[in-house]
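Novice: I would like the atomic coordinates for the input below:
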Amino acid sequence: MAGHSKFKNIMHRKGAQDAKRSKLFSKLSREITVAAKMGTPDPDMNPRLRLAIQAAKAQSVPKDNIERAIKKAAGDEDANYDEVRYEGYGPGGVAVLVEALTDNRNRTAGVIRAAFSKHGGALGETGSVSFMFDRVGEIEYKPGAGDADTVMEAAIEAGAQDVESDEDGHLITCAFEDVAEVSAALTERLGDPASVSIVWRPQNTTPVDEDKAGTLMKLIDVLEDDDDVQNVFANYEISDEVMEKLAAA
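Specialist: Got it, this is the predicted structure:
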């Protein structure tokens, strides 16, 4: 279980301003509704729903919001969303994956295509970049969960594939199909995780210079800001110096 790079620049996450937090709550609630509609509304019998609820709780989504999202699946015939993945290249040849839940494929495809085009990228066919990523589960714990040895032992017993620990906490990786089982076992040993998610982790990263980095970040911001988009993953690598310049701009 050798440690690996966290690829800290891979998944761009915005700050927790009120407006963005409200949008995040909506997206997490939509995932709960879809998960409940696709299976049983009982999280004990529905691994996807259990994972969605865990992710919502990790972001402090109120219990009432979670319950309403589950009830919506049973009572709202209009709550029908298609899962769609868009793939393409951003500025600097960076591979970008966009996961969406949409009730109008044409609308969402048009918005995504326009975002890529406006920011120096190009939308590709399904499968055009996903082969460069691995689908894995990630479970994060804060430093207070235990020392590196304690977390490593718990992760091995839970069936995880990898662990990386540093001053920021612990990142545990597992096969994506095992994330519900592994996270449940870890919760018994270590308590509730800081986050549980299924991600597209790039096999390699693409360095991006200062000239392209700003446009790439704008593309990712625009994509993440769309109501239909659930997650954005990209295989970029930007130096800390350039990131600091972008943050100060």
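Novice: only C-alpha atoms from now on, for both contacts and neighbour counts.
Specialist: Will do.
Novice: pLDDT on stretch 117-134, on average?
Specialist: Across stretch 117-134, pLDDT averages out at 94.
Novice: got it, and stretch 89-99?
Specialist: Mean predicted confidence for stretch 89-99 is 95.
Novice: with stretch 198-217 instead?
Specialist: What stretch 198-217 shows for mean pLDDT is 92.
Novice: got the CA coordinates for it in CSV?
Specialist: Output in CSV follows, covering the C-alpha atoms of stretch 198-217 (Å, rounded to 0.1, in the frame of the first residue of the first chain):
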residue,chain,number,x,y,z
ILE,A,198,-16.2,8.2,-6.5
VAL,A,199,-13.8,10.1,-8.7
TRP,A,200,-11.9,9.9,-12.0
ARG,A,201,-8.2,9.9,-11.1
PRO,A,202,-5.8,10.6,-13.9
GLN,A,203,-3.1,8.1,-14.7
ASN,A,204,-0.8,11.0,-15.6
THR,A,205,-1.0,14.8,-15.4
THR,A,206,-0.5,17.4,-18.1
PRO,A,207,1.7,20.5,-17.1
VAL,A,208,-0.1,23.8,-17.8
ASP,A,209,1.8,27.1,-18.0
GLU,A,210,0.7,30.4,-16.7
ASP,A,211,-0.6,31.5,-20.1
LYS,A,212,-3.1,28.6,-20.3
ALA,A,213,-3.8,28.1,-16.6
GLY,A,214,-6.1,31.1,-16.2
THR,A,215,-8.3,30.1,-19.2
LEU,A,216,-8.4,26.5,-18.0
MET,A,217,-9.6,27.6,-14.5
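Novice: what lies in contact with it?
Specialist: Applying CA atoms under 8 Å, 6 or more residues apart in numbering, the external contacts of stretch 198-217 come out as 10, 12, 90-94, 97, 119-120, 132-138, 176, 179, 233-238, 242, 246.
Novice: show me the helices in the chain, by range?
Specialist: With DSSP state H as the definition, the chain shows helices at residue ranges 18-38, 47-58, 63-75, 105-118, 148-158, 179-190, 210-225, 240-248.
Novice: please identify the most buried of those.
Specialist: Highest mean neighbour count among the helices of the chain (mean count of other CA atoms under 10 Å): helix 47-58, with a mean of 22.
Novice: any idea how far it is from the chain center?
Specialist: 12 Å (CA atoms, centre = their mean, to the nearest Å).
Novice: do the same with stretch 219-233
Specialist: Offset of stretch 219-233 from its chain centre (CA atoms, centre = their mean): 11 Å.
Novice: ok, back up a step: which of the contacts of stretch 198-217 count as buried?
Specialist: Neighbour-count burial (16 or more other CA atoms under 10 Å) is assigned, among the contacts of stretch 198-217, to 10, 90-94, 97, 119-120, 133, 135-138, 176, 179, 233-238, 242.
Novice: these in strands, which ones?
Specialist: Per DSSP state E, strands hold the following members of the buried ones among the contacts of stretch 198-217: 97, 133, 135, 136, 137, 138, 233, 234, 236, 237.
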